[in-house]
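>>> after the sequence you'll find the predicted model.
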Amino acid sequence: MKKVVIHTDGGCHGNPGPGGWAAILSHGKHTREISGGEPATTNNRMELLAAIEALKALKNPCAVEFHTDSKYLKNGVTCWLHTWKRNGWKTSAKKVVKNADLWRELDRVAPLHQVEWKWVKGHAGDTGNERCDELANEEIAKIKKDFTSAQLKELLAQFSAKDGETQGELAELLPPSP
C-alpha cells in the first residue's frame, strides 16, 4: 500500500463568506497541489471539502498521514462521527449535525484508506500547512475578482437562507432520536 502524506487547509474571508480550500498530496518525490473555492461558504465547510477532495484524488487505497490545522475536522472524524451516525446525524444535544452532507461524504471516502489524522498548529511554520493556506487564499482572491461585491452579498444571503432551510429539511428527514 502506498504511503501518502496529505496537508490541507480551508478558510473564509468572513465566516460565512467567500472561501477556499487546498490540499497537498505527497508520495516519495512526487507532489500534487489541488485547490478550489466557493463564493459563499464557511471555514468549517472549506476544511471538510479540502479533506474530501484530497482523499478523492487518491486513485487507489493508500496509507495516509493526514495533517490538518482544524480541530473541528480532526475531532469530528476521530471522535464524533461514529456517535453522530449512531444518533441519526444528531449531536448529543439532539441538534442536527452541521455540515452533515460533507461529513457523510467524508465518511464515505475516508474508509477507503488507512488514515492517520494529525493536528498541526496553523500559522506556526508547518511548511505544508502554510502552503495550503496560501493556495486557499489564492482561491478566495480569485472569487473576489470574479464576483462583484453585490453578487457576493446576494450569494451570501442565498447561502445563509439555504443553510437554514437545509438544516430544517434534514431534521425533518431524520428519524426521531430514541
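Arrived safely, thanks for sending.

>>> nearest residue to the middle of this protein?
In the chain, the C-alpha closest to the average C-alpha coordinate belongs to L48, at a distance of 1.2 Å (CA atoms, centre = their mean).

>>> Three-state assignment for the closest residue to that residue other than its chain neighbours, please.
Counting by CB to CB, 6 or more residues apart in numbering, L102 is the residue found nearest to L48 once chain neighbours are left out, at 4.1 Å. Every C-beta, even on glycine, is put in place using the N, C-alpha and C of the backbone. The three-state label given to L102 by DSSP: H, G, I helix; E, B strand; the rest coil is helix.

>>> what's the burial count for L102?
Close neighbours of L102, defined as other CB atoms under 10 Å, add up to 20.

>>> which stretches of the protein form strands?
Secondary structure of the chain (DSSP state E): strands at 2-12, 17-27, 30-41, 62-68, 114-119.

>>> mind listing what's buried along the second one?
I take that to be strand 17-27. By neighbour count, and taking 16 or more other CB atoms under 10 Å as the criterion, the buried residues in strand 17-27 are 17-26.

>>> and what of the fourth one?
For strand 62-68, a neighbour-count test (16+ other CB under 10 Å) marks 62, 64-68 as buried.
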